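Chemist: got a predicted model here, sequence first, then my questions.
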Amino acid sequence: MVRAAISWEHPKPVHVLLLVPLVVLGAWIWQRGKAMSPDRGAVLAALRAARGPALPEAASVGALTRTETARYDRDSLYEAIDGAADGYLARGFVSALMATYTYAGSAEISAELHRFGSEAGAGEQRAGEKPSAARSVPGFEGAESDGTVLLAVRGRDYLKLTSLTPGPEAEGRLVALARAAFQEKTR
């Protein structure tokens, strides 16, 4: 049986010099990994914005129930709003969430939260659907309502709420739902 002889040489200075850049790079990566973001709130806000809009839970707006949220994109929008889809798409529609909230006394509100490619597109859509009797909602910038329909824009997001059962409580419910959808604080 033949055995190969293995001999180990001591590392030469050139070998040590080749390791120095790797050690420096590893130390730099380790230090960067330990560093924390200086503003966690900004990171969370960026993550929420990237996630897209969301409709609030029923209990958070005083509703008894909320239907399952339906999601639509550019290809499926016609399933939800066949006759008006072209206008939305022309203004840069990206996606939408839709649900119906049910309140005590069988009152219902239809909620549509649309994301557009730009703030201008969201604003144009609101202007195109604004009821003639709509007026600004006091203390809620970017929201208008006629008591049955409430429209609001926040950045690229356009909210359309429609009370399916008009009544004296309808406008208050519309405003509460809009504030919750945009996480707007009561002033």
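Modeler: Looks like it arrived, so ask away.
Chemist: pull the helix or strand with minimum mean pLDDT from the chain.
Modeler: Across the helices and strands of the chain, the lowest-confidence element by mean pLDDT, DSSP states H and E is helix 40-51, at a mean of 66.
Chemist: apart from its chain neighbours, what residue comes closest to residue 176?
Modeler: Using Cβ to Cβ, 6 or more residues apart in numbering and skipping residues adjacent in sequence, the residue nearest residue 176 is residue 61, 5.4 Å away. For glycine as for every other residue, the C-beta is placed from the backbone atoms N, C-alpha and C.
Chemist: same thing with residue 169?
Modeler: In space, residue 169 is closest to residue 107, 6.8 Å off (Cβ to Cβ, 6+ apart).
Chemist: got a list of what that neighbour touches?
Modeler: 163-165, 167, 169-170, 173 (Cβ atoms under 8 Å, 6 or more residues apart in numbering).
Chemist: report the separation between it and residue 97.
Modeler: Separation of residue 107 from residue 97 (Cβ to Cβ, to the nearest Å): 21 Å.
Chemist: remind me which helix or strand residue 16 belongs to.
Modeler: For residue 16, the host element (DSSP states H and E) is helix 13-34.
Chemist: should've said residue 79
Modeler: Using DSSP H and E, residue 79 maps to helix 77-80.
Chemist: great, nothing more from me.
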